[in-house]
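Q: Got a predicted structure plus its sequence, pasted below:
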Amino acid sequence: MDSASGVSDTPHPASPTRSGGRAHLLHELHEVQQRLRHVPRQAICDVAARLDLPISQVESVVDFYSFFHRTPRGRYDILLSTCTSCGHMHGEDDLMQMLGSRLGAEAGQTRADGQLSLGSTSCIGMCDQGPALLVNGLPLTRVDARRLDKLAELIEAGTPIADWPEEWFSIDDQVRQPGLLLDSPWQDGAAIRASLQMGAEAMLAEISRSGLRGRGGAGFGTGMKWQFCRQANGGERYVVCNADEGEPGTFKDRVLLASHADMLCEGMTVCAHVIGAHQGFIYLRGEYRYLLPALQEMLGRRRETGLLGPDILGQHGFSFDIDIIVGAGAYICGEESALIESLEEKRGIPRIRPPFPVTHGYLGQPTVINNVETLVAAAAIAFHGAEWFAAQGTDHSKGSKLLSISGDCAAPGIYEFPFGVSIRHILDDCRAEDVQAVQVGGPSGTLIGPTEFERHLAFEDLATGGSLMVYGRQRDLLAIIRNFAHFFAHESCGFCTPCRVGTSLLKNALDKVGWGHGTHYDVEDIRRLAALVKRRSHCGLGHTAPNPILDVLQRFPQVIEERLAQSGFEPYFDLDASLEEARVLAHRNDAEAHLP
Amino acid sequence: MSGKGKGGTISIDGREIPFAAGQTIMDAALAAGIYIPHLCHKPGLTPHGSCRLCTVEVNGRNAAACTQPAADDQSIDSDTVALNEVRKTIIQMLFIEGNHLCPSCEKSGDCTLQAVAYYLGMLDGHFPQFFPRREVDASHPDIVLDRDRCILCEQCVRASREIDGKDVFAISGRGIQASLIVNAPSGRLADTDIAVTDVAAHICPVGAILIKGRGFDVPIGQRIFDVHGVSDTARERLPLEKSRHIDDE
């Protein structure tokens, strides 16, 4: 690290080295970004030479991921979350503006003296203890006006981050209501032992019988996925844990990774036993890099106790190990085929499917990709049996679901409910009052109002990856969906035309409505465009990006209607403001120089 | 997926056409002389599926014809008023996200984007222009890269890799910031190993990659799409072969 920076003895965990082989491109670039505070062209060429990759591939990766920069960031690199739950809009306060004015910095800019950069980033998964920000990559939670003052002082004094108050960086699990999974007794090695005793085929049958479906939101049968992979032709097989929890409002994987990582590893190992894999990966989102030391310690301990590595639990020939690859700020990498591209050191562009990862995944080989919660549940099923799991839930949604509840409620945090629970029940438990709307499953999910609170959480009714954001009566729903539209435009990978251009057009159109210049004509255009993006895009991001807009148009039309201008046409720009330069040049500012 | 290892027939707009094992809907359509509007697709290159102009309805479900494997029992809607309206909107998106000034563009008349826009009856950009600032790279003695016109179809990326055996082009960045870059330490075209004889130097369907010193050699009025319709599928037979090098045996 650059000792001249004074603050760069940042306790930002270094990337893990991989078992055998060279460093991963994302890790190399992170190291450069940390050391030089940006990734200059020379470094791109050096990294390309070292890793034997085309320069253009390294350059394209640098420009794809949000946490790599081509121009130097400040010694303190501050990114405030934009999430509606852990973001910088805190009631009436805009923490971005407050911090900017305290420090004489502008959002999106690096201060002239190079001391700090101020910017924004998509949800960092601290929604139950927001507002939150990343400072040099480390999450800092519960930022209020007072903490902001103190933070500004420390920055102006050049205090190293290592000397900042420790409690600022403390992150609570905040499990409010444990259930089937979180309450189940656990013994390290028990699930693997069960799998070895039953045999791979019987264990696969057990997982299938449990009815476990993917917890990321899509709900594909886990047993079926493992079976497809087991049956696929291929040399090596891989198990990948999708720990790229990026859906705004989701933070349950953060808690599983922090406090139940052994179960996760065990789930991966059982999967490896079933499909015949020797190598696994945990793809950890860059925002959760702070969890790395504990995760690596856990992997090391498991290797020492024979739960990872060669001849696991003495079973001759059963070898399996896990590497952690850390992302660098890209929501799209939560899409399984984009995640694989990222693992392969490329931009996170979703692949064309078919073929699917179960037959052509990592390096073209059969690959199982499961969400963190799915793998934890698989471990518990291996240990406690299919009946234990299937006793909870509904016919089509067995077991329980972990929910990350945030927003306008008295008790945000982690809740585990049996599938089939009603939204009303959930709202009562988290003590949410006077609720205007609930965003189920994050921005890509469904926005519902009070008339639908009797609906149930289940794949056959309201599906969710685990995000549940509560919006009280005082919230401006237009501001919420504008926030989401900005999020999707920022996170679109840019591969296909409908999503690349469409998400930006939708963002601009909603902003126009927000500024009071939207017309009925614009709303019809928004509706048409939203339908096109939803139906014609390449992947799930595009298919779901327009959901919040369509939900508001259908369920809360007045939110848009009451903002509309009553003229037939309004331009996208302010005509009068556009004449300002001409007025300055003509030294005029009289009434005649303005439009009526 | 059915049809593994054997062909069969599919129906496009009510017309039964045969397909061979491994063909996509686009392959089968082109072979049968049926035009499905497309920009990123080029026979001979790996299908890409990014422009989404070839969006069709397969048994009522959306698919890109260029990447969707043909399979028995597919009933496909393509040349319908509603789908052509969708395609027109996609073309408008491509126009407004870049800087496309047809009257002053050397590619006018030879430009597939322009031709498809005419074909679909596009009369305006409909959406507000983005007017992005993009860099022109005129460093190479023979070839100019005008990113204002790039539609990110990656034909040059694929042609360089798959036909020229090089790796000159790539797409960088994310979302609306995505842009065409070249593989060189300086980031300039002059410092890549591209040659004016490369297929990648000639394949651009718009005016983003142009050969220098060839301004309006062919007069307006006698250009490709002045003579041929874009829907003339026979036109696709442009040979995708690297010209022989003088040292080749």
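A: All right, it came through fine. Predicted model only: the values in this text are computed from it and were never measured.
Q: and stretch B:19-27, which residues are buried?
A: B:Phe19, B:Gln23, B:Thr24, B:Ile25, B:Met26, B:Asp27 (16 or more other C-beta atoms under 10 Å in any protein chain shown). Glycine gets a C-beta too; all of them are placed from N, C-alpha and C.
Q: meant to ask about stretch A:424-441, not that
A: Buried residues in stretch A:424-441, counted by 16+ other C-beta under 10 Å: A:424, A:426-427, A:429-430, A:432, A:435-441.
Q: likewise stretch A:467-480?
A: Buried, per 16+ other C-beta under 10 Å, within stretch A:467-480: A:Ser467, A:Leu468, A:Met469, A:Val470, A:Tyr471, A:Arg475, A:Leu477, A:Leu478, A:Ile480.
Q: which among these gets closest to A:Thr359?
A: Of all these, the one with the least separation from A:Thr359 (C-beta to C-beta) is A:Ser467, at 30.2 Å.
Q: I am assuming the closest one contacts A:Gly445, so please confirm or correct that.
A: Yes. If you go by C-beta atoms under 8 Å, A:Ser467 and A:Gly445 touch, sitting 6.9 Å apart.
Q: Show me the common contact partners of these two, please.
A: Common contact partners of A:Ser467 and A:Gly445 (C-beta atoms under 8 Å, 6 or more residues apart in numbering or on different chains): A:Gln439.
Q: and the buried residues of stretch B:19-27, which of them are in strands?
A: B:Phe19 (DSSP state E).
Q: Excluding residues flanking it in the chain, which one is nearest A:Ala277?
A: Using C-beta to C-beta, 6 or more residues apart in numbering or on different chains and skipping residues adjacent in sequence, the residue nearest A:Ala277 is A:Arg237, 4.2 Å away.
Q: show me where pLDDT drops low in chain B?
A: The model of chain B has pLDDT under 70 over residues B:1-5, B:236-249.
Q: about what we covered before: tell me the contacts of the residue nearest to A:Ala277?
A: Here A:Arg237 is in contact with A:Cys229, A:Ile275, A:Gly276, A:Ala277, A:His278, A:Gln365, A:Pro366, A:Thr367, A:Val368 (C-beta under 8 Å, 6+ apart).
Q: quick check: longest helix of chain B.
A: Identified as the longest helix of chain B according to DSSP state H is helix B:81-97.
Q: Show me what it packs onto, helices and strands only.
A: Packing partners of helix B:81-97 (3 or more C-beta pairs under 8 Å, 6 or more residues apart in numbering or on different chains; DSSP states H and E): helix A:497-514, helix A:520-536, strand B:55-58, helix B:112-119.
Q: List only those of the contacts of A:Arg237 flagged as buried.
A: Buried, going by 16+ other C-beta under 10 Å: A:Cys229, A:Ile275, A:Ala277, A:Gln365, A:Pro366, A:Thr367, A:Val368, out of these.
Q: Can I get the residues you listed in a markdown table including pLDDT, secondary structure and distance to B:Glu135?
A: Output for the buried ones among the contacts of A:Arg237, formatted as a markdown table (pLDDT from 0 to 100; DSSP: H, G, I helix; E, B strand; the rest coil; distance: C-beta to C-beta, whole Å):
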| residue | pLDDT | secondary structure | distance to B:Glu135 |
| --- | --- | --- | --- |
| A:Cys229 | 97 | helix | 44 |
| A:Ile275 | 98 | helix | 47 |
| A:Ala277 | 97 | coil | 45 |
| A:Gln365 | 97 | coil | 39 |
| A:Pro366 | 98 | coil | 42 |
| A:Thr367 | 98 | strand | 38 |
| A:Val368 | 98 | strand | 43 |
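Q: Quick one: residues contacting A:Glu336.
A: Counting by C-beta under 8 Å, 6+ apart, A:Glu336 makes contact with A:Val240, A:Asn242, A:Pro357, A:Ile369.
Q: Quick check: the two most widely separated of the residues you listed?
A: Pairwise distances across those (C-beta to C-beta) peak at 10.7 Å, for the pair A:Asn242 and A:Pro357.
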